[in-house]
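Asks: compute the structure for the input listed below.
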Amino acid sequence: MPITPATETQLSPNGTAEPILLELVDENGVTTGTAEKLAAHQPPGQLHRAFSVFLFDERGRMLLQQRALGKYHSPGVWSNTCCGHPYPGEAPFAAAARRTHEELGVSPSLLAQAGTVRYNHPDPASGLVEQEYNHLFVGLVQQTLAPDPEEVGGTAFVTAAELAERHAREPFSAWFMTVLDAARPAIKELTGSAAGW
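Replies: Numbering: from 1, shown residues only. The predicted structure is shown next:
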């Protein structure tokens, strides 16, 4: 059964299924409470903590992820390597490493903080709203990918020029350019100026 906002759950320590909760924050990223995942994304949206990961190979190519068609939010579009939400009380760094492994079957050989960005992106297709305080991470991947097909529809390593071509002809997530632009200084530091990011 495809995961929908209404059915998306996590197992509690005692083995029962519970709704996924997100950490609500204020404009400074200070935790203010929690909300169920669907409620946080329904218009007008509640500001919540999120993360975005950009991984690169040793040639300076960015790893893109195509979101699985079964996802309730932005299915089938291309986006950054991995993105998601920390569990309440979970450090964004730990959540980024955890979800990268869960979705792509790899652990980054390097993962570094790259700042934060706050945005509000409605998704006309689903009617949901991304009202997020997003923690950015950049890093390196040196392992063979083993994507979870429930999460990932495809992957691609691209140069800066190849990304520009793909972005012009294929659908990308509403938040992709916002998080990419915010992460660019850290990406340039990681990959070097010759990579063109």
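
Asks: from here on, contacts and neighbour counts on C-alpha atoms
Replies: Fine.

Asks: what's the burial count for Thr144?
Replies: Residues within reach of Thr144, counting by other Cα atoms under 10 Å, total 9.

Asks: list the contacts for it?
Replies: When contacts are counted by Cα atoms under 8 Å, 6 or more residues apart in numbering, Thr144 is found next to Val106.

Asks: pLDDT at it, what is it?
Replies: Predicted confidence (pLDDT) at Thr144: the value is 96.

Asks: do you know how far it is from Leu63?
Replies: Separation of Thr144 from Leu63 (Cα to Cα, to the nearest Å): 12 Å.

Asks: do the same with Glu90
Replies: Between Glu90 and Leu63 the distance is 25 Å, computed by Cα to Cα.

Asks: who's more crowded, these two?
Replies: Set side by side, Glu90 and Leu63 show more neighbours around Leu63, with 21 against 11, by other Cα under 10 Å.

Asks: at which residues are the helices of the chain located?
Replies: Assigned by DSSP state H, the helices in the chain fall at 37-41, 92-104, 160-169, 176-191.

Asks: how many residues are close by Asp181?
Replies: For Asp181, using other Cα under 10 Å, the count is 12.

Asks: ok, now which ones touch the closest residue to Val25 other than its chain neighbours?
Replies: Excluding its sequence neighbours, the residue lying closest to Val25 (Cα to Cα, 6 or more residues apart in numbering) is Thr31, at 4.3 Å. With contacts defined as Cα under 8 Å, 6+ apart, Thr31 is in contact with Glu23, Leu24, Val25.

Asks: many thanks, we can stop here.
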